[in-house]
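Q: Have a look; sequence and predicted model below, questions after that.
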Amino acid sequence: MLAGPKQKLLDELVANSSKEELELINEYVAGIIAGKDAPVEKNPVPKKITLVYGTETGNSKRVATDLAVKAKKNNIIVKLASLDQYRLTDLAKEENLFVVISTQGDGEPPIAAQKFYDHIHLNGFRLDRVKYGVLALGDTSYPMFCKTGEDVDAQLQKLGGTRIVPIKKCDVEYEADAEIWFEEVLRSLNEQVDAPAGIKIQPPAEGKSNKKIYSGTIVSHVNLHDISADKETYHIELLAEDVDYLPGDSVGIVPQNSIELVNKIIDKSGIEKDKRILCKEIEYTVFELLHKKVNINYLHERVVKKYAAIVQQEIPEIKTGLLKLLEMYPVKDEAQFEEVLQLLPAQSPRIYTVASSPSAHNGEIHLTVEKDVFEINGETQTGLCSAYLSGLRIDGAVDFFVQKNKRFRLPDADKDVIMIGPGTGIAAFRSFLSERDATGATGKNWLFFGEEHFVSDFLYQTEVQDWLHTGVLHNVSLAFSKDRDEEIFVWDKLREQGAELFAWLQAGAYIYVCGQKDPMSVEVEKELLSIFEIHGGLNSDEAKKYFERLKDEGKYSKDVY
């Protein structure tokens, strides 16, 4: 408490000072407290950082952009760049480099970050002057959680860079962790010799999310396969007004756990289903939490290890479900189960490429969902979200968000398009063709589609035939692998049509691939390189350069999973 006269003087000084003057006073006092001379300059020289991001779905870009705004508010000059636009020759010249990067599929970098990733794994250069930090985005439901971020962090250090903040690995709900990481970045910059005094770091905003959640009502729910098929693929139409999306985009859906499974878990735990539990600062009933918010089906080894610590038992670190854990290694009381609830990871959204067109299907979102059936330890299992969606009925409600994919966009209306989409990969191209049909696009369209049997598995057969008859589709190449003794796939059809396909490309056509990553997209790319050699008269290196040029010009795009 200041003495009366001093308090009066301070009150008058504050009341008659501008915001800028108060900031200068703050710096002056902070300098004195630190035992330093008051700053001579009114405007200290700001720090400079480079903030780069590698993204597939847009999350890393969103985070990096938000962090850039925060840095500028703290008197820091920011160079913000996507890794596919970043000049690799600038890397060794950087002083403060911060990388925000996601991990795709089996621990791979986003397509936009591939060149940067490959570059830093080449030998022959040093980064001794570079100070850096890495923010890694991932999903703990996948075994290669944040692997790309880990690789980048380790490689920058190997090349001589100085890590000034530890790597931060973020799960699906990444916003708060990202801000905590950047708080460490700002603190580290502030501790450098020429950093301005008095920088104030805002605490992370709890529960912040940039995703707009839409709610759709199911108006159509149809199995696209014939009754004789041994698989199920559902065409689902959602009535949802004012959804902002384009052909090529996807939607994210958080699946709900089955009520039967949730009730079994509650019975085994001994807890009351209506008991209210605080989880991540939001209150839910136990039933709500287990039904809609957390993963209880395929818990990662890390979660199993934490469960073992709570129940104080030796448990093999394997991926398993919560019910099995409770059956084999039960909790001793309700309080112990409440501890278990706190360690369960949030339910991850599943991503589905949109099968509709905003021009052709106004106020609707269409999805193509194959019910995923597989075996684990001799037991038949189904994919959580595909089982959830395939079990919904007319008038059911589904919440979703739109995930933009700016790297998978239709070209101008007069450009030709080649689409390779076997299985559910046809979803994106149903969207493309519907859009081109509705808008009267003049470019030619060629579809490659494949499945097991023509009679039972030709997804959207009637629509494809109609597009062919009306001239929307100029070519259709079909591959049904099990209708003949010798299996045939879409890449075999590419080989058969290689000369014409290369002619389309030479005339400026754009080529798109959507569907299963391995083996489909891998085999397709191998066949394309072969076509470039055979029909383009190129050697192996020239074919690879031709392929790279298509990618750089945006004439080759893929959406694979």
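A: Alright, I've got the coordinates.

Q: show me where pLDDT drops low in the chain?
A: Within the chain, the segments meeting pLDDT under 70 span 1-46, 106, 123, 141-143, 192-210, 376-377.

Q: list the contacts for residue 497?
A: 475, 477 (C-beta atoms under 8 Å, 6 or more residues apart in numbering). (C-beta placed from N, C-alpha, C; glycine too.)

Q: Other residues contacting the host helix or strand of residue 531?
A: Here residue 531, judged by DSSP states H and E, is contained in helix 522-536. With contacts defined as C-beta under 8 Å, 6+ apart, helix 522-536 is touched by 420, 489-491, 494-495, 498-499, 501-503, 506, 511, 513, 538-540, 542-544, 546-547.

Q: can we see that at 7 Å?
A: By C-beta atoms under 7 Å, 6 or more residues apart in numbering, the residues outside helix 522-536 that reach it are 420, 489-491, 494-495, 498-499, 501-502, 513, 538-540, 543-544, 546-547.

Q: Filter the residues you listed down to the buried ones, PyMOL style.
A: Selection of buried members from those for PyMOL, criterion 16 or more other C-beta atoms under 10 Å:
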select buried, resi 420+489+490+491+494+498+501+502+513+538+543+546+547
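
Q: Tell me which of the contacts of helix 522-536 fall in strands.
A: With DSSP state E as the criterion, strands contain 420, 513 from among those.

Q: what's the strand ranked longest in the chain in contact with?
A: Criterion DSSP E: the longest strand present in the chain is strand 214-223. Taking contacts as C-beta under 7 Å, 6+ apart, the residues outside strand 214-223 that touch it are 232-240, 243, 365, 392-401.

Q: from memory residue 262 sits against residue 287, does it?
A: Yes - counting by C-beta atoms under 7 Å, residue 262 touches residue 287, with 6.4 Å between them.

Q: Comparing the two, which residue is more hemmed in?
A: Set residue 262 next to residue 287 and count neighbours by other C-beta atoms under 10 Å: residue 262 wins out with 22 against 18.

Q: For that one, which three-state class applies?
A: What DSSP: H, G, I helix; E, B strand; the rest coil gives for residue 262 is helix.

Q: on that earlier part again, the contacts of strand 214-223 in strands, which ones?
A: Among the contacts of strand 214-223, the members falling in strands (DSSP E) are 233-239, 365, 397-401.

Q: Which single one of those is nearest to residue 83?
A: Nearest to residue 83 among the ones in strands among the contacts of strand 214-223, counting by C-beta to C-beta, is residue 401 at 24.2 Å.

Q: Which of the residues in the helix holding residue 531 are classified as buried?
A: For helix 522-536, burial by neighbour count (16+ other C-beta under 10 Å) applies to 524, 527, 528, 529, 530, 531, 532, 533, 535.

Q: From residue 335, how far out is residue 271?
A: Relative to residue 335, residue 271 is positioned 9 Å away (C-beta to C-beta, to the nearest Å).

Q: Please apply the same query to residue 140.
A: 25 Å.

Q: ok, residue 332 - how many residues close by?
A: Neighbourhood size, residue 332 [other C-beta under 10 Å]: 11.

Q: and it, which of the three is it?
A: Classified using three-state DSSP, residue 332 is coil.

Q: Please shift the residue numbers so they start at 124 in all later answers.
A: Okay, using 124 as the starting number, the last item reads as residue 455.

Q: Skip the chain neighbours and tell me the closest residue to it.
A: Counting by C-beta to C-beta, 6 or more residues apart in numbering, residue 434 is the residue found nearest to residue 455 once chain neighbours are left out, at 7.3 Å.

Q: pretty sure the one you found contacts residue 454?
A: Yes - Residue 434 is within contact range of residue 454, at 5.9 Å (criterion: C-beta under 7 Å).

Q: These two: which has the busier surroundings?
A: residue 454 (20 against 17).

Q: quick one: contacts for the more buried one?
A: By C-beta under 7 Å, 6+ apart, the residues touching residue 454 are 392, 434, 460, 463.

Q: Keep only those of these that are in helices.
A: Using DSSP state H, the subset of these located in helices is 392, 434, 460, 463.

Q: Partner strands of the longest strand of the chain, with direction?
A: Strand 337-346 has the following strand partners under DSSP bridges: strand 356-362 (antiparallel), strand 520-526 (antiparallel).

Q: As a markdown table, the ones you listed with distance to residue 508 and mean neighbour count would be great.
A: Shown next, in a markdown table, are these (distance: least, C-beta to C-beta, whole Å; neighbours: other C-beta atoms under 10 Å):
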| stretch | distance to residue 508 | mean neighbour count |
| --- | --- | --- |
| strand 356-362 | 12 | 20 |
| strand 520-526 | 11 | 18 |
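
Q: So for residue 202, which of these sits nearest?
A: Proximity to residue 202 (C-beta to C-beta) singles out strand 520-526 among the strands paired with strand 337-346, at 26.7 Å.

Q: What are the contacting residues of the closest one?
A: Around strand 520-526, the neighbours that count as contacts under C-beta under 7 Å, 6+ apart are 180-181, 334-341, 361, 366-368, 372-376, 474, 515.

Q: could I have it exported to PDB, CA atoms only?
A: Extracted C-alpha coordinates of strand 520-526, given in PDB (Å, rounded to 0.1, in the frame of the first residue of the first chain):
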ATOM      1  CA  ALA A 520     -29.600 -36.000 -36.400                       C
ATOM      2  CA  VAL A 521     -25.900 -35.800 -37.100                       C
ATOM      3  CA  ASP A 522     -23.500 -33.100 -36.000                       C
ATOM      4  CA  PHE A 523     -20.600 -32.300 -38.300                       C
ATOM      5  CA  PHE A 524     -18.000 -29.700 -39.200                       C
ATOM      6  CA  VAL A 525     -16.600 -28.900 -42.700                       C
ATOM      7  CA  GLN A 526     -12.900 -29.500 -43.300                       C
END
